[in-house]
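S.K.: give me a 3D structure for the following:
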Amino acid sequence: MTNASKHWLAVGIMLACATGASAQVGGTPGGRDGHYVGIGVGVNKGFTLCPKLNVSGFRVSGGQVQYRNFRGSIGANGYVSIPYRGAWLTGRFEGTEFHGEIEQKSSLAARGSACAHSLSLKLEGS
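M.R.: Model prediction:
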């Protein structure tokens, strides 16, 4: 292998490493860790009126999400899809923000009524 080949091989390896590190928040798997706060705007589905939701206590640690009774893993590309007793927490982490939705079936679910909140959260301190 020539010196020029070795040089370009080294450059390629450095670029690959830099690209892989930048694909994760903060360059580390735990870069999303912390408490997220924000709001959930009611999305009316059916005839249910959904009030605004102030979100706190949304916690991420080691690639795991915990919010109220929802507990689950952060998947590929920052996606979350966590069920709990007929309700779903779905969304995606982008940098220090989480955008998603909580959808819950109401007691009138038999008639197609559901309440959903569109979430917009930020990592505290960011």
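S.K.: mind checking the longest strand of the protein?
M.R.: strand 34-45 (DSSP state E).
S.K.: from the contact counts, what lies against that one?
M.R.: Packed against strand 34-45 by the contact rule (3 or more Cβ pairs under 8 Å, 6 or more residues apart in numbering; DSSP states H and E) you find strand 53-61, strand 97-105, strand 114-123. C-beta here means a position set from N, CA and C on the backbone, and glycine is covered the same way.
S.K.: dump the ones you listed to a markdown table, plus mean neighbour count.
M.R.: A markdown table is the format used below for the helices and strands packed on strand 34-45 (neighbours: other Cβ atoms under 10 Å):
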| stretch | mean neighbour count |
| --- | --- |
| strand 53-61 | 15 |
| strand 97-105 | 19 |
| strand 114-123 | 19 |
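S.K.: mind checking which of those is nearest Arg71?
M.R.: Minimum separation from Arg71 across those (Cβ to Cβ) falls at strand 53-61, 9.9 Å.
S.K.: partner strands of that closest one, with direction?
M.R.: Strand 53-61 has its sheet partners listed here by DSSP bridges as strand 34-45 (antiparallel), strand 64-67 (antiparallel).
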